[in-house]
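J.: quick check, what structure comes out for this input:
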Amino acid sequence: MSLISITMVASGQKFDKVSTPAIMKQYEVAKVELDKLMADPKAQAKADGWFWKTKIYAGFYSDPALRLKYPNSQVIADEAYQKYQSIDPSLKLLKENNGQDALFNLYAPSFNNGIATFNAKNWDSAYYYFSFAVKYSDIIFQHKFSTNQNQAFDTTSILYAGFAAQNSKNAENAVKSYDRLISNKIGGTTYIDIYKFTLVNAINNKNEADFKKYLTFSKDMYPNEDWEDYELSYFRKNFTLAEKASMYEKEDAEGTMSANRYLQYGDIFANIPKEEKETLDSAKQNEYLLKSGDAFKKASLKNPSDGIAAFNAGVIYYNIFSIQDDKVSQAKRALQDLNSNRVIEKDPKKKAASDAKFKVQSDALKNQRIEFEKPMLANADSSIIWLEKAYNILKDKADRNGVDKNCLIKSIDYLSNIYIYKRDKYRGKDLKAFDDNDAKFKFYDALHDKYKN
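T.: Numbering: from 1, shown residues only. Sure, this is the predicted structure:
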């Protein structure tokens, strides 16, 4: 034990010519003496030399004039500190010699340089300086060298390192900085945008684990903020249409969806991207339209005062009705063309076969038309239910905006069209039904000018 003590004292005495001027902030004098000692390879293995080198070069870095004279002082001080800390991880020598000022001399100028370069919009430099400030503020707070004993880290440096990285389009480094704040539940109006940024980044990178992580923190820290749009955005970009349909059915069965969530699903199934829609046959497209109508209906039921949700439901059924009407018209035209182009076979031997062939073709078109007509009335009636609901909500709404007015007018237009169709279906078949639907048509038709002005 005594030999070890003698060695340590001898080592300490050996650096007296360095420590005295260094403590007095005569850094250049201390450097001359340190360079002499560090020329000995044995000194490279001891903590003393690296500690004093850290202190000297941190002193250069903290003095504007000396920083110009020793332009690499920050880097040299940092490298020296890393070597010192690896030999003396408890920082015993630093603490015994009040060496924490070296840490502050590395932190403070870096923070100030971060501010200056950030204001000058030199984003890469700002990120570098703020990151360096974070590095040394962490050491300061870890060892409780700060007067604020309760502070765990420098939130300002971390935040602005993230801002700088974000502004330089380096999302990865921005998220690294923001993650530390978010994971430690740093909140308030200043920080809400970093939560949103991490969500958008996770969406763009299709990173489900990060998205779920940051969404959980976001909801916890800002419970009154609407986060459903971010969920919808992730949902849109990262799941197939079939997966979305499956998730809709699952969430719907659970009975926990909000009106807004139903609206989002309705929009997804109604507005399938063109490239994806082209891969679906007409039956599958119709299936998704029906699913969209179901979602809009349930959104309206969840929020009975939402005229737009009711309108959307009505429009979906109107669109299905219109598609079926077009197919009926196509079948009728095809049958007309078949009749117009029919060649009457005059040869008695061939006539029976020709007539039979014509009958097969004409019957097929007639049956096709009948099949298309079957669901038309049901979809027309469904459309009426929701469009009339939308009309009744929107006509009585005191503060109608542009969207409300447009939906109100379109509701009237669509209802007029459907009642014409229904009226004509009953012409010569059911006088009462004809009169009832004609009266409805005239009612809505008379409203056009009232709400367009």
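
J.: I figured residue 208 hits residue 238, correct?
T.: Yes: between residue 208 and residue 238 there is a contact under Cβ atoms under 8 Å: 7.0 Å. For glycine as for every other residue, the C-beta is placed from the backbone atoms N, C-alpha and C.

J.: the strands in the stretch 351-453 of the chain, which residues?
T.: With DSSP state E, counting those that start in this stretch as the criterion, the stretch 351-453 of the chain has no strands.

J.: what bits of it have low per-residue confidence?
T.: 452-453 (pLDDT under 70).

J.: tell me which element residue 144 is part of?
T.: Under DSSP states H and E, no helix or strand contains residue 144.

J.: so what's the residue count around it?
T.: Residue 144: 12 surrounding residues under other Cβ atoms under 10 Å.

J.: how far away is it from residue 95?
T.: Residue 144 is 11 Å from residue 95, where distance means Cβ to Cβ, to the nearest Å.

J.: repeat for residue 265
T.: 61 Å.

J.: looking at these two, which has the bigger crowd around it?
T.: Neighbours per residue, other Cβ under 10 Å: of residue 265 and residue 95, the larger number sits with residue 265, 27 against 13.

J.: so residue 165 sits right up against residue 123, yeah?
T.: Yes: if you go by Cβ under 8 Å, residue 165 and residue 123 touch, sitting 7.5 Å apart.

J.: which of these two has more residues huddled nearby?
T.: A count of neighbours by other Cβ under 10 Å puts residue 165 above the other of residue 165 and residue 123, at 24 against 18.

J.: so where's this protein uncertain?
T.: Scanning the chain for pLDDT under 70 picks out the ranges 1-13, 452-453.

J.: just give me the longest helix of it.
T.: Scanning the chain for the helix with the most residues, using DSSP state H, yields helix 307-340.

J.: so which bits of that helix are buried?
T.: Within helix 307-340, the residues that qualify as buried are 307-325, 327-328, 331, 334-335, counting by 16 or more other Cβ atoms under 10 Å.

J.: same check on stretch 183-198?
T.: Buried, per 16+ other Cβ under 10 Å, within stretch 183-198: 186, 187, 191, 194, 195, 197, 198.

J.: now, which of these sits nearest residue 281?
T.: Distance ranking of those against residue 281, using Cβ to Cβ, places residue 198 first at 40.0 Å.

J.: measure the closest one to residue 306 for me?
T.: For residue 198 relative to residue 306 (Cβ to Cβ), the value is 31 Å.

J.: go on, residue 104?
T.: Counting by Cβ to Cβ - residue 104 and residue 306 are separated by 59 Å.

J.: pick out whichever of those two has more residues nearby.
T.: residue 306 (19 against 16).

J.: pull up the gap between the residue sitting furthest away from the middle of the chain and residue 365, please.
T.: Each residue of the chain has a distance to the centre, and by Cα atoms, centre = their mean the biggest one is for residue 348: 74.5 Å. Noted for residue 348: a distance of 27 Å to residue 365, by Cβ to Cβ.
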